[in-house]
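Peer 1: next one to model:
(one chain, ligands or ions: 1)
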Amino acid sequence: MSEIHTIDQSEEPDLTETSEETAAVLPFPLRKKTQDEPTAPGEVKPGEWEAELPDDTADEDDDGVSEGDPVDPPREKYPPSISEWMEAHDKARPTVLPDWVKLPDQRAAVRKWAVRHYSTMVGYHALRLPCVYTPKLLAYSPRGAWRWSTAVGRWVSDAEGLPVRLAAVRAEDAGEYLKLSRQRDARVKLRSVIATVSGFVGLVAALTLYVIAPSWLLMLSVAALTSVLGFAGAPADRPLIDRAKVTFRRRKLSSDIITRAFTAAGLTVKDQGIAFPRPIGRDGDGWRVVVDLPYGKSFADALAKRKALASGIDIAATQLFLDPDLSSERRVSMWIADRDPLAVPSGRTPLLGATRVDFWQPFPWGVDERGNPVMASMLWLSLLVGAVPRQGKTFSARTIALAAALDPHVRLIVFDGKASPDWRAFAKVAHRIGFGIVPRNGVDPVEQLVAALMELKADVEDRYHRLSELPLHICPEGKLTPEISRDKKLNMPLTLVVVDEVQEYLQHPVHGKTVLELLVYLARVAPAVGVSVMNSTQKPDDTACPSVLRDQHQARFSLRVGSWQVSDVVLGAGSYSEGLDASRLLKSHKGVGLLKGMSDEAGIVRTYLADGRDADSVLTRARALREDEGTLSGDAAGEVAAVHNGDAILTDVAAVLGRKEDKVWSETVVDRLADLNPDAYGEWAALEGRAKADQLAAALKPYGIKTDQVWGKTDSGKGANRRGIERQHIIDAVTERNKKRAAK
Ligand SMILES: Nc1ncnc2c1ncn2[C@@H]1O[C@H](COP(=O)(O)OP(=O)(O)OP(=O)(O)O)[C@@H](O)[C@H]1O
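Peer 2: Predicted coordinates for the structure are as follows:
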């Protein structure tokens with residue numbers, strides 16, 4: 001990341017007073033005006049110092065340069081110093097060895113490319129040898145034999161001399177004809193002898209081979225002869241051997257191609273061109289090109305024309321990566337991949353082979369577009385993961401949680417708003433775990449989440465107090481350390497809170513607000529004491545996942561989203577102008593996303609894959625590890641969290657109210673309660689209409705909730721006024737109760 005230094009005007013040195021030592025620290029060489037120099041009105045007075053700027057145009061008049069003179073001074077006016085001269089020659093000197101020979105990563109890339117290229121070629125031809133080339137050779141060999149024997153016949157009979165002899169006949173030149181005939185007879189005689197002897201030798205060799213040679217030699221000879229005849233008989237327009245159609249295209253890039261692309265994209269004009277501050281060279285599985293745009297054009301302009309540039313280079317847009325260069329706004333660094341690197345799966349997670357992980361250290365999460373490993377760290381931060389469905393949001397978040405699971409000293413709290421099978425196996429290790437938002441078997445998972453987050457909030461506050469009270473030799477900087485976090489007596493383990501599909505909880509009609517407040521608090525305050533929050537959502541918009549929560553996440557990971565605006569919502573405003581746009585990812589880019597805020601560099605991560613079976617095997621190992629270390633706790637250890645049964649009715653009524661139902665008839669609520677928990681509410685549902693309402697009113701009275709007349713529609717569609725409850729009353733009562741619990 002770059003630091004932008006702003007200069008405080010008030011801190012500028014007072015140049016009018018100083019005349020000696022300060023010159024050494026100023027950015028420009030200073031020169032004192034001599035007394036005899038003419039001083040124009042308003043100019044610096046004699047004795048003052050002025051900065052001699054490198055841009056000579058400021059001193060045009062002084063230097064005698066008049067209007068209309070060329071802007072660039074002629075070279076001979078400013079002879080280069082020896083150091084300039086040497087620097088220019090240093091730049092111009094070609095290197096003895098090309099870069100790819102000297103740099104280990106480029107050497108490795110070339111080696112990889114060569115292996116891939118030649119193994120593909122060999123495989124291609126090896127497959128075609130028996131099923132394409134051999135039948136073709138066999139088919140063409142009779143024609144080859146015919147062509148060969150006619151060629152021999154023409155040679156023996158000196159057929160090439162025939163046109164000349166015929167010309168002598170037509171010219172009735174008897175002398176010439178006799179000379180040519182004699183020459184032909186001599187040739188034919190000699191060639192006939194050679195042909196007969198060769199034929200005889202050939203026949204004897206063939207018979208000898210047939211009689212005494214081992215069968216492999218015979219076969220080899222027949223194959224060789226057939227191949228030769230097959231080649232001779234092959235039609236000239238149809239080559240016998242196909243060219244290997246290698247699936248990847250590797251173009252040699254040249255400055256002409258790049259200039260063409262920039263011109264076609266309208267980023268420069270034909271005569272202006274672009275500058276190449278560095279030679280085009282290989283970089284991993286692609287090309288690195290650095291260009292300087294014409295003055296006035298910026299990186300943002302190039303970014304906006306990315307597709308046009310890709311078209312100009314004649315590659316897919318997914319192969320083109322543009323990075324800004326901090327040295328100049330008009331400098332653009334391009335990486336042009338040989339093929340779409342994001343469609344290449346990064347492979348299975350190395351966690352499968354890991355016996356344990358130290359969550360204090362970065363752990364492998366994936367690779368970037370060039371195949372370099374990307375390490376993740378959840379220390380001191382919260383992470384937001386966003387994407388459209390089925391892009392790998394859960395899998396990528398789960399790989400992080402798996403790393404946490406393999407550190408037996410990390411406490412895991414896992415809630416999945418969708419109740420999918422993806423997180424079930426975490427029950428083996430998770431301190432608190434819950435699935436979905438619908439109560440089952442008398443347990444409301446949303447209540448569970450609220451309870452877990454409250455427990456955590458209390459823990460976080462407690463950690464702040466205790467860390468500041470710990471003796472200096474244990475806690476020298478007032479911060480959590482690996483030793484403190486692993487000390488079971490201190491009970492401050494690193495904690496990872498995972499809330500997948502967080503929007504389901506945030507939109508809960510009753511608990512949504514409480515969940516939001518708790519998550520905002522934890523995402524903002526908890527990372528500093530070792531409690532990291534990882535929320536993922538497929539709906540990052542303000543309604544489903546308000547910005548007050550999103551903004552608390554220091555790190556963001558966006559897999560494919562629908563538009564650059566949504567990408568900015570996940571990654572943070574301004575990400576698009578930095579070149580980060582997750583809407584450019586394709587459907588085929590599963591598990592691939594843009595990561596921002598986890599380290600100084602933002603970029604692409606192709607996350608490693610851990611499917612359900614892999615996750616299960618890692619978690620089985622993680623549980624065994626925790627059992628050995630004695631760190632299994634909470635739900636995974638079978639410790640039942642404090643259950644608040646006293647106000648079950650409040651929880652249950654909250655659970656049966658729909659998201660958009662402001663007022664619901666008491667009878668309807670009782671029927672729904674009976675569906676939710678027939679044992680507890682079955683008898684209420686059996687009561688007649690008015691009695692049902694009375695029963696509910698009596699049950700809710702201790703919480704200050706009254707039932708009122710509520711307008712609604714019966715099943716037949718008619719309007720009616722009956723007793724009912726307002727959702728807001730229930731929300732207020734639940735919030736009040738939660739506050740009391742938290743205070744306790
Ligand atoms: N790193 C990866 N490499 C290859 N394929 C992956 C990777 N991550 C996920 N996938 C594939 O993408 C599919 C969808 O992944 P996942 O369930 O994580 O998506 P999701 O965004 O959470 O979807 P939903 O929102 O429906 O839960 C997986 O079944 C898997 O086949």
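Peer 1: tell me how far the longest strand along the chain lies from the chain's centre.
Peer 2: Taking DSSP state E as the criterion, the chain has its longest strand at strand 328-337. Chain-centre distance of strand 328-337: 18 Å, with CA atoms, centre = their mean, to the nearest Å.
Peer 1: what packs against it?
Peer 2: Helices and strands touching strand 328-337, by 3 or more CB pairs under 8 Å, 6 or more residues apart in numbering; DSSP states H and E, are strand 286-292, helix 299-304, strand 320-325. For the C-beta atoms, the positions are set from N, CA and C on the backbone; glycine is no exception.
Peer 1: minimum distance to the ligand: which of the ones you listed has it?
Peer 2: strand 320-325 (19.4 Å; CB to the nearest ligand atom).
Peer 1: now the strand or helix carrying Val734: how far from the chain's centre is it?
Peer 2: Secondary structure from DSSP states H and E places Val734 in helix 727-743. Centroid separation between helix 727-743 and its chain, computed with CA atoms, centre = their mean, is 43 Å.
Peer 1: list the buried residues in that helix.
Peer 2: Neighbour-count burial for helix 727-743 flags Arg727, His729, Ile730, Ile731, Ala733, Val734, Arg737, Asn738, Ala742 (criterion: 16 or more other CB atoms under 10 Å).
Peer 1: about what we covered before: tell me the most buried of the helices and strands packed on strand 328-337?
Peer 2: Among the helices and strands packed on strand 328-337, strand 286-292 has the highest mean neighbour count (mean count of other CB atoms under 10 Å), at a mean of 21.
Peer 1: mean confidence score for the helix or strand encompassing Val498?
Peer 2: Applying DSSP H and E as the criterion places Val498 in strand 495-500. Strand 495-500 shows a mean pLDDT of 97.
Peer 1: partner strands of it and their direction?
Peer 2: strand 411-416 (parallel), strand 531-537 (parallel) (DSSP bridges).
Peer 1: let me have these in JSON lines, adding mean neighbour count, mean pLDDT and distance to the ligand as columns.
Peer 2: As requested, these are arranged in JSON lines below (neighbours: other CB atoms under 10 Å; pLDDT from 0 to 100; distance: least, CB to the nearest ligand atom, whole Å):
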{"stretch": "strand 411-416", "mean neighbour count": "27", "mean pLDDT": "97", "distance to the ligand": "9"}
{"stretch": "strand 531-537", "mean neighbour count": "27", "mean pLDDT": "97", "distance to the ligand": "7"}
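Peer 1: so which of these gets nearest Arg154?
Peer 2: The minimum distance between Arg154 and these falls on strand 531-537, with 80.7 Å, by CB to CB.
Peer 1: chain center to the closest one: distance?
Peer 2: 19 Å.
Peer 1: stretch 132-140 too?
Peer 2: 48 Å.
Peer 1: over to stretch 267-279?
Peer 2: On CA atoms, centre = their mean, the centre of stretch 267-279 falls 30 Å from that of its chain.
Peer 1: for the stretch 251-400 of the chain, which residues are neighbours of the ligand?
Peer 2: Residues of the stretch 251-400 of the chain found near the ligand (CB under 6 Å from any ligand atom) are Pro345, Ala387, Pro389, Arg390, Gln391, Gly392, Lys393, Thr394, Phe395.
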